[in-house]
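> Generate coordinates for the sequence data below:
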Amino acid sequence: MRASEILINQLKVFEGCKLKAYRDTNKIPTIGIGHTRGVKMGQVITMSQAESLCRTDIQEMEHYVNVLGLHFTQGQYDALVDFVYNCGIGTLRKSKLLADIRSKADKASIENDFLQFVKSGGKVTPGLVTRRKWEIKRYFE
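This next block holds a predicted model:
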């Protein structure tokens, strides 16, 4: 499977797009649409480069979700690719969310699992609450 344009467009909303490197809420150098790999403070890119980096980053997330060995709807797939884009592959791998998905847990359990990932720097972040709620909605479409 591949991420839908719905997800690509939503990533731009969630991540925003900054063409000059900045430190995210976890102090990680970031540029473009949430790209972090190899970013140096002071670095500047074009919008075209930002979109290209985003699509390259998404390919890694798509690959990981594809090799989970599970069958997903497009909505479920997009929700998990977004989750991994935001939280990381390792976070999903060791999460109760993935365990519950594998065991076909009920909707309430999976919703609760998504909502466990709404903190940044130990504090609930409204943007992460919004993002997890979007993932939940997309997952159950």
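
> My guess is Arg102 contacts Phe72. True?
No - using Cβ atoms under 8 Å, Arg102 is not in contact with Phe72; the gap is 11.9 Å. Quick note: C-beta positions are derived from backbone N, CA and C, even for glycine.

> Mind checking which of these two has more residues around it?
Phe72 (17 against 11; other Cβ atoms under 10 Å).

> Check the spacing between that one and Val65 real quick.
7 Å (Cβ to Cβ, to the nearest Å).

> joint contacts of these two?
Residues touching both Phe72 and Val65 (Cβ atoms under 8 Å, 6 or more residues apart in numbering) are 1, 80.

> Without its sequence neighbours, what residue ends up closest to the residue of the chain positioned farthest from its centre?
Ranked by distance from the centre of the chain (Cα atoms, centre = their mean), the top residue is Gly42, with 24.8 Å. Nearest non-adjacent residue to Gly42, counting by Cβ to Cβ, 6 or more residues apart in numbering: Ala21, 6.2 Å away.

> least trustworthy helix or strand in this protein by mean pLDDT?
strand 119-120 (a mean of 90; mean pLDDT, DSSP states H and E).

> Which elements pack onto it?
For strand 119-120, there is no helix or strand it packs on, judged by 3 or more Cβ pairs under 8 Å, 6 or more residues apart in numbering; DSSP states H and E.
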